[in-house]
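# Here's a sequence, model it:
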Amino acid sequence: MEKKLKRDQLPAEKAKNWKKNFKEEADKTFNLKITPIILQKETYKSLIGENENRVRVYLGLENKKDGNKYVLCAYAVSSFLLGSGDVYADYETPVYKLNKNNEDFSDNTEEVIESIRLYRKWRSGEIEPDADGAAFRQYIYPNAYLLTKFELHELFNAQNHEEIVLEFGVSKTMNIMLSSASSAISATEQTVEAADELEYYDEAQLCPPFCDERSIYNS
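I've put the predicted structure just below:
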């Protein structure tokens with residue numbers, strides 16, 4: 001019998017596949033060094049506060065290279081629900097750097113901002129633009145992650161871990177693109193060069209997770 005997953009838990013095979021995809025992508029577009037990114041329980045408690053805010057993790061780069069590679073780092077801030085929608089806004093402080101021992105950078109937010117900006121220059125291809133895959137970084141690597149309450153509650157409170165590690169995975173999913181039906185080139189005959197000449201629209205929301213569970217077509 002298949003083990004029932006907890007809320008926000010990844011199936012083991014999916015997690016394994018995401019890690020495999022990331023390893024493959026690292027050989028093509030991810031020319032950064034990663035040091036352990038750790039979120040400690042005391043940091044978590046400080047960030048969520050009494051209102052049980054969300055935790056957002058921003059990616060950054062260290063100012064100094066390790067050999068010929070930039071080093072990826074991460075910062076965590078507290079995010080609160082703005083109004084009644086799904087928009088979360090960040091508090092400026094506290095902000096923590098997620099090393100093996102989390103560091104409070106609340107008195108040094110300028111350094112945090114510069115680190116994040118440096119990462120975004122790498123992501124956009126401004127840094128080392130001639131590296132393999134530089135033009136594709138912005139389509140693969142995000143700026144930040146808004147963590148859910150449930151996964152953090154499970155790990156820190158239900159399982160009582162004192163720290164958790166943040167690793168990376170890449171999900172690869174076929175998406176849909178819309179273009180003119182009057183194109184002289186059929187979908188099966190399109191070359192990359194020909195595709196550059198067409199106009200494509202929209203990135204549809206995928207099912208799952210955006211499904212109508214009541215629909216007879218989703219039974």
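# pretty sure residue 8 is touching residue 148, no?
Yes - the pair residue 8 / residue 148 is scored as a contact, 5.3 Å apart, by C-beta atoms under 8 Å. Any C-beta I mention is one placed from the backbone N, CA and C, and that applies to glycine too.
# Point out where the protein drops to low pLDDT.
Applying pLDDT under 70 to the chain picks out residues 1-2, 181-197, 203.
# need the strands for it, in chain order.
Here the chain has its strands, by DSSP state E, at 33-34, 38-40, 54-61, 71-81, 88-97, 103-104, 144-147, 163-165.
# Pull out the buried residues from the fifth one.
Burial within strand 88-97, assessed by neighbour count using 16 or more other C-beta atoms under 10 Å, is assigned to 90, 94-97.
# Pull the number of nearby residues for residue 165.
Summarising burial for residue 165: neighbours were counted as other C-beta atoms under 10 Å, giving 11.
# which residues sit in contact with the nearest residue to it once chain neighbours are set aside?
The shortest distance from residue 165 to any non-neighbouring residue, by C-beta to C-beta, 6 or more residues apart in numbering, is to residue 38 (5.8 Å). The neighbours of residue 38, taking C-beta atoms under 8 Å, 6 or more residues apart in numbering as the test, are 98-102, 163-166.
# among those, who's most crowded?
Counting neighbours by other C-beta under 10 Å, residue 98 leads those with 24 neighbours.
# Now do it against residue 107, distance only.
From residue 98 across to residue 107, the span is 17 Å (C-beta to C-beta, to the nearest Å).
# quick one: the residue lying closest to residue 141 once chain neighbours are set aside and residue 25, what's the gap?
Here the nearest residue to residue 141 in space, its sequence neighbours aside, is residue 123; by C-beta to C-beta, 6+ apart that works out to 5.5 Å. Counting by C-beta to C-beta, the separation of residue 123 from residue 25 is 14 Å.
# now do residue 13
From residue 13 over to residue 25 (counting by C-beta to C-beta), the distance is 18 Å.
# Which of these two has more residues huddled nearby?
The residue with more neighbours, out of residue 13 and residue 25, is residue 25; 19 against 8, by other C-beta under 10 Å.
# Next, count neighbours for the closest residue to the more buried one other than its chain neighbours.
Spatial nearest neighbour of residue 25, chain neighbours left out: residue 170 (5.1 Å); criterion: C-beta to C-beta, 6+ apart. Neighbour count for residue 170, taken as other C-beta under 10 Å: 18.
# What segments of the chain are helices?
Assigned by DSSP state H, the chain shows helices spanning 12-26, 41-48, 109-124, 137-140, 149-152, 192-195.
# tell me the domain ranges of the chain?
Listed by automatic domain parsing, the domain ranges of the chain are 12-165, 173-219.
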